[in-house]
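# curious how this folds, go ahead:
(chains A and B)
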Amino acid sequence: MADLHFLASPARFRRLSQRVLPSLAFATVLMLAFGLYLALIQSPPDYQQGDTVRIMFVHVPSAWLAMAGYGLLAALGASLLIWRHPLAALMARAAAPVGAGFCAVCLLTGALWGRPMWGAYWVWDARLTSMLLLFFLYLGHIALSRAYDEPERGDRAAAILALIGVINLPIIKFSVDWWNTLHQPASVARLGGPSIHPSILVPLLWMAATLFLLFVLLVLLRTDTEIDRRRLENAEVQS
Amino acid sequence: MTPKRKRLWLVVGSLAVLGFAATLVLTALNDNIVFFYSPTQIAEKQIPPERRFRMGGLVEAGSVKKSADGQVTSFRVTDTHKTVDVVYRGLLPDLFREGQGVVAEGSLGADGVFVAREVLAKHDENYMPPEVAKAIKEAGQWKEGK
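As a prediction, the model looks like this:
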């Protein structure tokens, strides 16, 4: 009967996601088209950084999603370890590479932005180093979840890593306040409101919403695939 | 206590202990995690000459001078309490400007002048179009180097 319990919730999830996915994909493409117009054509250059500031429209949302994605991994890890939620492990397997992808985009665009503005692709300050650590935590999660013959053991090991690594999230967020860094302090989520002019802030938030939809789309799609894969594996074991 | 409850408290408890341990480690390593020292910290620390470190602050307005051949730049870095004289041979990043944040790596000479081997520009968290920056400056509301 344990098998039935395992299938019940994922099957319902799959039906639901199949219904949502087409319109979600459509909305993401539309929002991305308009977001690119806002970011590349409509928004003004910065008074100091000129057109280089446009890197922000990809860099900052990627950083937010890399962090939110790891928060999601930790929440899924907790619900797997504590409540044995049958879907949590599958969704964590689906979400980890997506979050790692956004984290890599954040690090790469940051390097491309740092070279012309700061004069260096990379420095070992607290913000950059903690973000690199987040990327390695993602890689560790992906590797650990695939390190055992029984997938359930990998799921649990990865869930523990996700929970330990969650300590890094406040360190990333507050690194620019706790220590002096080359990276500038927060511009959007800060006391006293954003320090970005609306003509640059609106495209930034629009792109953040767009990439959030992309993140949700990819995670749902990959979770469906993981459900199918686990079903196939279970069928093979039984036959 | 049900097994679920037990596991919940185990996870919450482990995270609390881990968070506490991380706080202790980061507090202990505070001096190594900071990316640069301010001129005031340099005055307090008595850093010996020839020791390499990073120093950061604002480029003091009116302090930037180029040598006759244009290769050596000298300027003063301030944190509004103390200032340090800096000399640097080489190309400066585009954002290097008077009143702007800067981080220089190098060492103090015997005469107390900081000889920089690398100069990085630090920019602040403000973003706006050029017209808005101009309007704010004309209205006299501009705050340099926050």
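# number of nearby residues for residue 14?
Using chain A. By other Cβ atoms under 10 Å in any protein chain shown, the residues close to A:R14 number 18. (Glycine included, C-beta is placed from N, CA and C.)
# meant chain B, my bad for not saying
13.
# now it, nearest residue through space, not along the chain?
Of all residues not flanking B:S14 in the chain, A:L163 sits nearest, at 7.5 Å (Cβ to Cβ, 6 or more residues apart in numbering or on different chains).
# is it true that that neighbour touches A:S79?
No. Look at A:L163 against A:S79 with Cβ atoms under 8 Å: they stay out of range, at 10.9 Å.
# and A:Q42, what does it touch?
Shown in contact with A:Q42 (Cβ atoms under 8 Å, 6 or more residues apart in numbering or on different chains): A:P203.
# how far away is it from chain B?
Distance of A:Q42 to chain B, computed by Cβ to the nearest Cβ, to the nearest Å: 12 Å.
# B:S107 in helix, strand or coil?
Counting by DSSP: H, G, I helix; E, B strand; the rest coil, the backbone at B:S107 sits in strand.
# which helix is the longest one in chain B?
In chain B, assigned by DSSP state H, the helix with the most residues is helix B:3-28.
# swap that for chain A, sorry
Counting residues, the longest helix found in chain A (DSSP H) is helix A:198-238.
# show me what contacts the residue nearest to A:T181 when sequence neighbours are not counted?
Counting by Cβ to Cβ, 6+ apart, A:D125 is the residue found nearest to A:T181 once chain neighbours are left out, at 4.0 Å. If you count contacts by Cβ under 8 Å, 6+ apart, A:D125 has them with A:175, A:179, A:181-183, B:35.
# can you tell me which residues contact the closest residue to B:T80 other than its chain neighbours?
Excluding the flanking residues, the one nearest B:T80 by Cβ to Cβ, 6+ apart is B:L58, at 7.7 Å. With contact set as Cβ under 8 Å, 6+ apart, B:L58 has these partners: B:77-80, B:99-102, B:144-145.
# buried only: go through the residues you listed for me.
Applying 16 or more other Cβ atoms under 10 Å in any protein chain shown to the contacts of B:L58, the neighbour count classes B:77-79, B:100-102, B:145 as buried.
# how about the strands in chain A?
For chain A, no strands are identified by DSSP state E.
# ranges for the helices of it?
A:2-37, A:56-83, A:88-117, A:126-145, A:151-165, A:168-178, A:198-238.
# let's have these in CSV, adding distance to B:V72.
Output for the helices of chain A, formatted as CSV (distance: least, Cβ to Cβ, whole Å):
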stretch, distance to B:V72
helix A:2-37, 44
helix A:56-83, 34
helix A:88-117, 23
helix A:126-145, 30
helix A:151-165, 47
helix A:168-178, 32
helix A:198-238, 37
